[in-house]
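Trainee: I'll drop the sequence and a predicted model, then ask my questions.
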Amino acid sequence: MNEPVQDQVEESTEKSKIENFFGGIVTKFTSKKFKNQIFWSLGSVLLALVVAAIIMVMGGYDPGQAFVYLAVGAISRFDQVLWYASPIIIAGLSVALAFRSGLFNIGAEGQLYMGAMASAYVAFNFSYPILLHPILCLAVGVLAGAAWGLIPGLLKAYRGAHEVVTTMMLSYTAILFTSWLVGPNGPLWDGSMVPQTPQFQDTALLPLLWGNYVHFGFIIAILAVVAVDYFINKTVLGYELRAVGHNIDAAENAGIDSKKRVATTLAISGGLAGLAGSTEILGTYDRFIANWSFGIGWDGITVAVLG
């Protein structure tokens, strides 16, 4: 094939790939399934607002004024909205990935705490260059969350223990364990009146992007959304996880090792929860404080259900 013809073929192939990519996006957003998801998600939010309004009226309050304050507050403090949403997005991905595989990871809060604690240990106990240090902290946090998620995954796969029970129990275990670590006479306690670790090295902290709240964890959250979507829909492992979630018997007949996939799913889910904790502890705080999360992992469950 001569060069002009070959160039035309390559150009046509690239053009076809681009058209297929954007065509797939259009098809996804115009599909009946996507429209149904939007309908039920918006319907759930609307129903929640109606119930909230009824409760406020019963209590003698004006729901209209409350909703106005809610909207104005969100707009005027949009940087705080993005800051608070960042770890919840990642925690929501953690729970949603398990949902897509037919599993219920109710222990994202505990996995989040374990990831945050592991990151905190590397953040205050070691000194690395400014770019390498946060990367190592995040990586260790992901591994810690994955390890904590793998435990109920193995129990589910090889002993038949229900993941709702095991993940929830391990969640409380993680919260209490980390509180002991930083509590009075705990091995990571800094000796102050507050149950906390020593201060992190400056090189470990995630940089601020906007104002005093939005840090690099927001970028990580956006990248995590793209990565998880690609993993679930475009990779062989993602297909196998979805297949196990849809019909475990059919998946096994197709040659998929369902036990390994169940354990893998909860490990990946736990790793995402650990990432949520790591980004928040490194971006918002300068040390690990007992009971710092205020329910980020539990909020992630709500986000996953709505999504």
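Mentor: Yes, it's here. Numbers count the residues shown, from 1 in each chain.
Trainee: the strands in the protein, which residues?
Mentor: For the chain, the strands defined by DSSP state E occupy 208-210, 214-215.
Trainee: Give the partner strands of the shortest one in its sheet and their orientations.
Mentor: With DSSP bridges as the criterion, the sheet partners recorded for strand 214-215 are strand 208-210 (antiparallel).
Trainee: just to revisit the earlier point, rebuild the strands of the chain as TSV, extending it with distance to residue 242 and mean pLDDT.
Mentor: All C-beta atoms are positioned from the backbone trio N, CA, C, and that covers glycine. TSV is the format used below for the strands of the chain (distance: least, Cβ to Cβ, whole Å; pLDDT from 0 to 100):
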stretch	distance to residue 242	mean pLDDT
strand 208-210	34	84
strand 214-215	33	87
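Trainee: Just the helices from the stretch 51-200 of the chain, written as ranges.
Mentor: In the stretch 51-200 of the chain, the segments counted as helices under DSSP state H, counting those that start in this stretch are 63-76, 78-100, 108-125, 132-159, 163-182.
Trainee: by how many degrees do the last one and helix 108-125 diverge?
Mentor: It stands for helix 163-182. 30 degrees (axes from the mean of the first three to the mean of the last three Cα atoms, to 10 degrees).
Trainee: Same question for the fourth one.
Mentor: For helix 132-159 against helix 108-125, the angle between stretch directions is 140 degrees (the same axes, to 10 degrees).
Trainee: What is the burial count for residue 210?
Mentor: 12 (other Cβ atoms under 10 Å).
Trainee: Of the strands of the chain, flag the one that's most buried.
Mentor: strand 214-215 (a mean of 22; mean count of other Cβ atoms under 10 Å).
Trainee: separation between residue 110 and residue 96?
Mentor: 18 Å (Cβ to Cβ, to the nearest Å).
Trainee: The two - which one has more neighbours?
Mentor: residue 110 (30 against 22).
Trainee: any idea how far residue 160 is from residue 274?
Mentor: 26 Å.
Trainee: Looking at the two, which has the bigger crowd around it?
Mentor: residue 274 (34 against 7).
Trainee: contacting residues around that one?
Mentor: 111-112, 114-116, 118, 141-146, 148 (Cβ atoms under 8 Å, 6 or more residues apart in numbering).
Trainee: could I get these as TSV with pLDDT and distance to residue 69?
Mentor: TSV is the format used below for these (pLDDT from 0 to 100; distance: Cβ to Cβ, whole Å):
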residue	pLDDT	distance to residue 69
111	96	34
112	96	30
114	96	37
115	96	35
116	95	32
118	96	39
141	96	36
142	96	38
143	97	42
144	96	39
145	96	36
146	96	41
148	96	39
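Trainee: Of these, which is the most crowded?
Mentor: residue 111 (38 neighbours).
Trainee: Please verify my assumption that it contacts residue 174.
Mentor: Yes - taking contacts as Cβ atoms under 8 Å, residue 111 lies within contact range of residue 174: 7.0 Å.
Trainee: Mutual contacts of those two, please.
Mentor: residue 148.
Trainee: Most tightly packed of the helices of the stretch 51-200 of the chain?
Mentor: The most buried one of those (mean count of other Cβ under 10 Å) is helix 108-125, showing a mean of 29.
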